[in-house]
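K.L.:
quick one, fold the following:
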Amino acid sequence: GLSTTARGYWVRAGTEATGEDAHAIYFNGVDAPRVLNADGTTVDATLTTPAADWSGTNQPLGAFIHRGSLTAYGNLNAPHRVYLSPVTDHEEFVTGVTTFQIMPGIGDRISAGTSFKGLAWFFKYPFGIAFLDDRDTNSNNWYYKLYTSAVGVAQSPKAILSIGDDILFLSAEGTFHLLTAVQPREDDIRQSDLSHSLNITTWIRDNIDLGRLHQVQSAWYSHKRKAMFALPRLGSNNNNAILEFDFSDKASPKFSYSFRDTPTALAMRLDTARQIRTPIHGDASGKIYLMDRANQSKDSAGYLKKFMLPHTDFSWLDRRLAGKRKNYEWIELHGEPLGTYNLSVEMFLDGQLDQTITLSLAPDGGTLGTFVLGTDQLAGTQAVRAKGNLFGSSDRLAVRISNEAENENFSLSKMLIGLTPGPEDLS
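P.N.:
Residues are numbered from 1 along each chain as shown. From the prediction side, this is the model:
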């Protein structure tokens, strides 16, 4: 059977000519590549003619289609060599195959590759990026060129992700870079470091297990222009964090993350109802989940949705409030009337949870299905308010608002807090 510890990677191939079947070929670096033919249900078949180098546990780590050839790489006994199949047969790696050594003195191994802007790109662990220029019709005139030795990728084909007009990649150090922003043959990589420009380098170091970057999974949600990377958090053996980069505005990408799921695998699937590709993920138990659904639930259970006003002494409002105790009287929330949902409001006084109250942003009037015609006013879309009483005093205050009920969302536009200044805090 196949290794249960090596992380696999599927490549779509085949259809080399009219009437030829499509194939899905599985690579994991230790087992001989397996082939799923057409609409088959088993992957017992191996490549028709594998390369002579591929024996035992010395197997290619990954592959990609480039100019009609299946281009494989990453076997440990030839870690810098790439193999290009004939365009007429993606399972032939002996007769008609073309091979190259790519920067044998740089990096430990080719860990990822892709076809981008007409060139075959190869990314090494822990450093080194090169491309193969095979645009000449005579393969004797093909050559590779070092792009940079200042940065490389984590040990996984999924460490790179095509995002349309660029390649976003995860480095061996846990930072994210855009290929087109890398300065060729220069040591300074700050310009390409998206983690640095988004100010998330420290957050990654504090939350992600940098010793398990080889477990990365990635997917490009082209419909929403979002790049998704799944990685393990500190203390976890399995992926349990999704890092998301929103490129809706390429000039100003945005970062977000989620700790809800455990995506051992991450991929895209055609949503036939909407005719767009949407993300899916699989977990360690073998379950596959549809993502980006309208329902705010998982396995028919709600999940925690929260945000927090960080600890403040309100000196940004009035400098005289710095160092003074504040007596709290009320809190008021303004938001959209999305439903008769309750919010949990937690008040932290000088770092300690002191009070929890429940507020509802239920719309005024009736809602469809519950109002009485001629009696109730049908709820509109105007903003609603909810107000609650507070008690206690402190120098600094933080507020956490949350909801974890199934299919209950909330949208707030304003939070007001009533307080009166007390004496200076001399403690």
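K.L.:
neighbours of residue 265, how many?
P.N.:
A count of neighbours around residue 265, defined by other Cβ atoms under 10 Å, yields 18. For glycine as for every other residue, the C-beta is placed from the backbone atoms N, C-alpha and C.
K.L.:
bridging across strands, which residues link to it?
P.N.:
For residue 265, the beta-bridge partners under DSSP bridges are residue 282.
K.L.:
what residues are up against it?
P.N.:
217, 281-282 (Cβ atoms under 8 Å, 6 or more residues apart in numbering).
K.L.:
distance check, it against residue 241.
P.N.:
Taking Cβ to Cβ, to the nearest Å as the criterion, residue 265 is separated from residue 241 by 15 Å.
K.L.:
list the buried residues for the helix or strand where residue 205 lies?
P.N.:
Assigned by DSSP states H and E, residue 205 falls within helix 201-207. Within helix 201-207, the residues that qualify as buried are 201, 204, counting by 16 or more other Cβ atoms under 10 Å.
K.L.:
and the contacts of the helix or strand just after it?
P.N.:
Next helix or strand after helix 201-207 toward the C-terminus (DSSP H and E): strand 217-221. Outside strand 217-221, the residues within contact range by Cβ under 8 Å, 6+ apart are 158-164, 170, 226-230, 239, 263-268, 277-279, 281, 292.
K.L.:
I figured residue 243 was touching residue 228, is that so?
P.N.:
Yes: counting by Cβ atoms under 8 Å, residue 243 does reach residue 228; the two are 7.4 Å apart.
K.L.:
quick one: which of the contacts of strand 217-221 sit in strands?
P.N.:
Of the positions in the contacts of strand 217-221, 160-162, 170, 226-230, 265-268, 277-279, 281 sit in strands, assigned by DSSP state E.
K.L.:
separation between residue 334 and residue 414?
P.N.:
Plainly put, residue 334 is 4 Å away from residue 414 if you go by Cβ to Cβ.
K.L.:
so which of those two has more stuff around it?
P.N.:
Just comparing residue 334 and residue 414: by other Cβ under 10 Å the higher neighbour count belongs to residue 334, 15 against 10.
K.L.:
other SSEs contacting the particular helix or strand that has that one in it?
P.N.:
Element membership of residue 334 [criterion: DSSP H and E] is strand 324-335. Under the contact definition 3 or more Cβ pairs under 8 Å, 6 or more residues apart in numbering; DSSP states H and E, strand 324-335 sits against strand 342-349, strand 352-360, strand 384-389, strand 393-394, strand 397-403, strand 412-424.
K.L.:
could you redo the last one with a cut-off of 6 Å?
P.N.:
Counting contacts by 3 or more Cβ pairs under 6 Å, 6 or more residues apart in numbering; DSSP states H and E, the secondary-structure elements packed against strand 324-335 are strand 384-389, strand 412-424.
K.L.:
figure out which of these is closest to residue 126.
P.N.:
Comparing these against residue 126 with Cβ to Cβ, the closest turns out to be strand 412-424 (44.1 Å).
K.L.:
follow-up on the earlier one: let's test this: mean pLDDT of the strand holding residue 334, rounded?
P.N.:
When pLDDT is averaged along strand 324-335, the result is 94.
K.L.:
repeat for stretch 110-127
P.N.:
pLDDT averaged over stretch 110-127 equals 97, rounded to a whole number.
K.L.:
now do the end-to-end distance for it.
P.N.:
10 Å (Cα to Cα, to the nearest Å).
K.L.:
so what touches that stretch?
P.N.:
Counting by Cβ atoms under 6 Å, 6 or more residues apart in numbering, stretch 110-127 makes contact with 64, 66, 71, 73-74, 102, 107-109, 129-133, 149, 151-153, 155, 157, 159-160, 162, 167, 172, all of which sit outside it.
K.L.:
and for stretch 23-39?
P.N.:
2-3, 6, 8-14, 21, 43, 45-47, 57, 59-63.
K.L.:
quick one, which of those residues are buried?
P.N.:
Judged by neighbour count, with 16+ other Cβ under 10 Å as the criterion, the buried members of the contacts of stretch 23-39 are 8-11, 13-14, 43, 47, 59-63.
K.L.:
could you dump these to a markdown table with distance to residue 301, pLDDT and secondary structure?
P.N.:
Output for the buried ones among the contacts of stretch 23-39, formatted as a markdown table (distance: Cβ to Cβ, whole Å; pLDDT from 0 to 100; DSSP: H, G, I helix; E, B strand; the rest coil):
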| residue | distance to residue 301 | pLDDT | secondary structure |
| --- | --- | --- | --- |
| 8 | 30 | 91 | coil |
| 9 | 32 | 92 | strand |
| 10 | 31 | 94 | strand |
| 11 | 36 | 95 | strand |
| 13 | 40 | 95 | strand |
| 14 | 41 | 93 | strand |
| 43 | 34 | 81 | coil |
| 47 | 44 | 93 | coil |
| 59 | 41 | 97 | coil |
| 60 | 41 | 98 | coil |
| 61 | 38 | 97 | coil |
| 62 | 36 | 97 | strand |
| 63 | 39 | 98 | strand |
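K.L.:
for residue 288, state which of these is nearest.
P.N.:
Distance to residue 288 across these (Cβ to Cβ) is lowest for residue 10, with 14.1 Å.
K.L.:
if the closest residue to residue 361 other than its chain neighbours is in a bridge, with which residues?
P.N.:
Once its chain neighbours are removed from consideration, residue 361 has its nearest residue in residue 335; the separation is 4.9 Å (Cβ to Cβ, 6 or more residues apart in numbering). In this structure, residue 335 has beta-bridge partners residue 384, residue 412, where bridges are defined by DSSP bridges.
K.L.:
next one: residue 389
P.N.:
Partner residues in beta bridges with residue 389, using DSSP bridges, are residue 330.
K.L.:
quick check: it vs residue 417, distance?
P.N.:
Summarising the geometry, the distance separating residue 389 from residue 417, computed by Cβ to Cβ, is 12 Å.
K.L.:
neighbour count for those two, which is higher?
P.N.:
residue 417 (17 against 11).
K.L.:
distance of that one from residue 48?
P.N.:
Following Cβ to Cβ, the distance that separates residue 417 from residue 48 is 71 Å.
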